[in-house]
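>>> Here's my sequence, what's the structure:
(one chain, ligands or ions: 1)
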Amino acid sequence: MSPINARFWRVLPLMSPINAGLSRLSLSTETAGELQPADDPGLKKRKKRDKSHKSGKSVSVCSGSSKRKSTDPTGHGRAVENIKLQSRPIASSRVKFPLLTEKPRYTTKLIDIGANLLGYGTPVFPDIDSVVRQAAESGVGDIVIIGATIPVSKQAQTLLSSQPDSGPEELTGAATARCSLHFMAGCHPHKASDFARDGGRPALRDVIMAANQGQCIAVGECGLDYKYLSSPEDVQKAVFREHLELAVELQKPLFLHERGAHNDFIDLLSPYIPRLPTAESACIHCFTGNWEQLQTYLDLGCSIGITGWIAGSHKSAVVAALRTAGWERLRDRLMIESDAPSLLPKYIMPTKPESQYEKNVPANLPYVCCALAWILKVDPEEVAKATTENARRIFLNVIPENGL
Ligand SMILES: [Zn+2]
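I've put the predicted structure just below:
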């Protein structure tokens, strides 16, 4: 474990021996570090706004299913031989994050495996170049642009094809200010109703095939979202299947979204996992679930994407899930993502923004890494190194130098 750079960790006095490494700190935050509602007058307001927010919306789903009494760890009655019963999950945990004075920096360059730089087609960032430059200056080496719809995927492909070729370290993407851009092609479940109109699987295949080599690194965003049902369930399922088939056909990883649809999601995904390049090619993006759900994903071999959602409010179920799994089990499965412009990692930022719904940018990814490290009680540099290695292996298809 490498020492933590204390310059970036102005932590509470009682945690002063930070250079000893986070794993040696006592971080029983169930009560001690908890932010009480009284400390946060904006919480009530934000809870109300949660209902209309795109991504921070699975709290009720998670807490609901975590209370379900079941002898089946998958919770959906599926016979899965390799699902192992685990010890009882760690009790619900809340976290008070360290007080940072500035943005953390790591020796390892980070990889943002999912950023909505092009939104759903309506520009969210008027100047993408400056967003990318800011990310590069913050130690982000690669950004993967999410394909939220087929037209957006096409837009991403066009954007990258116009980018200059990159240097030796960025062989696969288009480098801007030493930050390499990639994209994925897909259709978010919210937009599943538009999939057929936009050309369906053939159009998506065309976008992927038109990309320069290595630039389109995954199929996605795709999956199921029953939380808001922006598209009907049956349409979502059919469109999700199209993505799964395409990923198998082209042997691409998947960037997967699931909210409030866990059982259907697992039923649809599971048969495809053995047909993907590897099981970890199925990345559960922005994991916000509980321990049962995490266990199911891990036992299926999936990789897990973590966003600033974990540091956006009091995310007790997901914290408990991650801690129950533990770093040793998660080390080779985790990746980090900004999911910009959503999911600002508000509670770990030195200056807490007024609203957690302020526009998020990939340059905030170092905070996500830091929050994840704090939750898992691991050296942040270790988390940076592991998540980057995982993203390079799973998404960028880069084989580590040691051949492992
Ligand atoms: Zn998503």
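>>> What are the contacting residues of the helix of greatest length in the chain?
In the chain, with assignment by DSSP state H, the single longest helix is helix 233-250. Identification of contacts with helix 233-250 by CB atoms under 8 Å, 6 or more residues apart in numbering yields 186-187, 189, 192-193, 195, 200-201, 204-205, 208, 218-220, 222-226, 231, 252-254, 261, 264-265, 268-269, 272, 275-276, 281. Using the backbone N, CA and C atoms, a C-beta is placed for each residue, glycine as well.
>>> Pull up the pairing partners for the very next helix or strand once past it, direction included.
Going down the chain from helix 233-250, the next helix or strand is strand 254-259, by DSSP states H and E. Applying DSSP bridges, strand 254-259 is found paired with strand 216-225 (parallel), strand 282-284 (parallel).
>>> Quick one: distance of strand 254-259 to the chain centre.
9 Å (CA atoms, centre = their mean, to the nearest Å).
>>> Just the angle for whichever helix or strand comes after that strand relative to strand 216-225, thanks.
Next helix or strand after strand 254-259 toward the C-terminus (DSSP H and E): helix 262-269. In terms of direction (axes from the mean of the first three to the mean of the last three CA atoms, to 10 degrees), helix 262-269 departs from strand 216-225 by 140 degrees.
>>> rewinding a little: report the buried residues of the longest helix of the chain.
Counting neighbours by 16 or more other CB atoms under 10 Å, one finds that the buried residues in helix 233-250 are 235, 236, 237, 239, 240, 242, 243, 244, 246, 247, 248, 250.
>>> what do you get for stretch 125-133?
Applying 16+ other CB under 10 Å to stretch 125-133 flags 125, 128, 131, 132, 133 as buried.
>>> Going by residue numbers, what spans are strands in the protein?
Using DSSP state E, the strands found in the chain span residues 110-115, 140-145, 174-176, 179-185, 216-225, 254-259, 282-284, 303-306, 334-336.
>>> partner strands of the first one, parallel or antiparallel?
Its sheet considered, strand 110-115 pairs with strand 140-145 (parallel) by DSSP bridges.
>>> Between strand 179-185 and the partner strand, find me the angle.
20 degrees.
>>> Can I get strand 140-145 in CSV? Just the C-alpha atoms.
Taking Å, rounded to 0.1, in the frame of the first residue of the first chain, the C-alpha atoms of strand 140-145 are listed here in CSV:
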residue,chain,number,x,y,z
VAL,A,140,-8.2,11.9,-16.0
GLY,A,141,-6.5,10.0,-18.8
ASP,A,142,-9.5,8.6,-20.7
ILE,A,143,-13.2,9.4,-21.0
VAL,A,144,-15.8,7.2,-22.6
ILE,A,145,-18.7,9.1,-24.0
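>>> Make 24 the starting number, not 1.
Taking 24 as the first residue, the last one we looked at is strand 163-168.
>>> Just the residues contacting that strand, thanks.
Contacts for strand 163-168 (CB under 8 Å, 6+ apart): 132-141, 155, 158, 179, 182-183, 192-193, 196, 201-207, 240-241, 278, 360, 385-386, 388-389, 411, 414, 418-419.
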